[in-house]
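Got a predicted structure here, sequence first:
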Amino acid sequence: MNIKPLLLGLCTAALALTTLTACAQSNPTLDANAALDALLHDVQYDGALLDISDNAQYYFSGLPDGTAVTMYTAQGTSSDQVILFEAKQQQDVPVIEELIQTHLNSLSQQAANYMPEEVSKIKDALIYTNDVYVLLCITEDTATAKELLP
């Protein structure tokens with residue numbers, strides 16, 4: 001009996017099964033507007049969040065062309081924020097994630113000087129990526145925020 005064809009068949013079947021399993025475990029499609037709405041209404045924040053989307057370019061200079069940003073931030077001294085980025089193409093997502101890290105580092109440095117109690121909240125910020133969407137949520141209530149996302 002020639003064992004090579006049998007091994008080849010088994011390897012092919014194992015590869016097909018692995019591929020199907022990996023596809024089944026991928027992120028479900030995100031309804032970005034519903035996710036943003038849930039984060040805004042079902043998560044606890046230190047005060048009301050204001051829509052400052054028109055000013056997002058001042059916080060995130062260097063965003064890839066065509067990136068849409070919806071940005072809510074807390075009034076006063078709280079660092080709470082909810083931001084939805086929609087990249088034009090998936091290749092832009094790593095650039096957005098890098099800009100988010102720069103933003104968080106800047107917020108953390110500012111908070112260390114003026115509001116040290118906010119630093120841990122900033123360091124524990126939720127960054128969620130799904131296809132061309134990236135969500136940033138800064139809150140003490142990250143557990144609830146994580147539960148709301150697929």
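Perfect, thanks for sending it. Residues are numbered from 1 along each chain as shown.

Okay, and the beta partners of the spatially most central residue of the chain?
When CA atoms, centre = their mean is applied to the chain, the residue found nearest the centroid is Tyr128 (2.3 Å). On the basis of DSSP bridges, Tyr128 is bridged to Leu135.

residues contacting it?
Taking CB atoms under 8 Å, 6 or more residues apart in numbering as the contact definition, Tyr128 lies against 134-135, 137, 149. C-beta: built from backbone N, CA, C; applies to glycine.

That one and Leu39: what is the separation?
Noted for Tyr128: a distance of 9 Å to Leu39, by CB to CB, to the nearest Å.

so what's in contact with those two at the same time?
Counting by CB under 8 Å, 6+ apart, the residues touching both Tyr128 and Leu39 are 135, 137.

in the chain, which spans are helices?
Listed from the start of the chain, the chain has helices (DSSP state H) covering 3-24, 32-42, 56-59, 93-114, 119-123, 142-148.

what's the shortest one in contact with?
Counting contacts by CB under 8 Å, 6+ apart, the residues outside helix 56-59 that touch it are 63, 69-71, 83, 103.

Please convert these to a markdown table, extending it with distance to Ala111 and pLDDT.
As requested, the contacts of helix 56-59 are exported to a markdown table (distance: CB to CB, whole Å; pLDDT from 0 to 100):
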| residue | distance to Ala111 | pLDDT |
| --- | --- | --- |
| Leu63 | 23 | 96 |
| Val69 | 22 | 98 |
| Thr70 | 23 | 98 |
| Met71 | 18 | 98 |
| Ile83 | 17 | 98 |
| His103 | 12 | 97 |
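
returning to what we had before: lowest average pLDDT across the helices of the chain?
Ranked by mean pLDDT, those end with helix 3-24 in last place, scoring a mean of 40.

Please tell me how far Lys146 sits from Ile127.
For Lys146, the distance to Ile127 - CB to CB - is 11 Å.

Looking at those two now, which is surrounded by more residues?
Neighbours per residue, other CB atoms under 10 Å: of Lys146 and Ile127, the larger number sits with Ile127, 15 against 12.

can you tell me which residues contact that one?
Here Ile127 is in contact with 97, 100, 134-136 (CB under 8 Å, 6+ apart).
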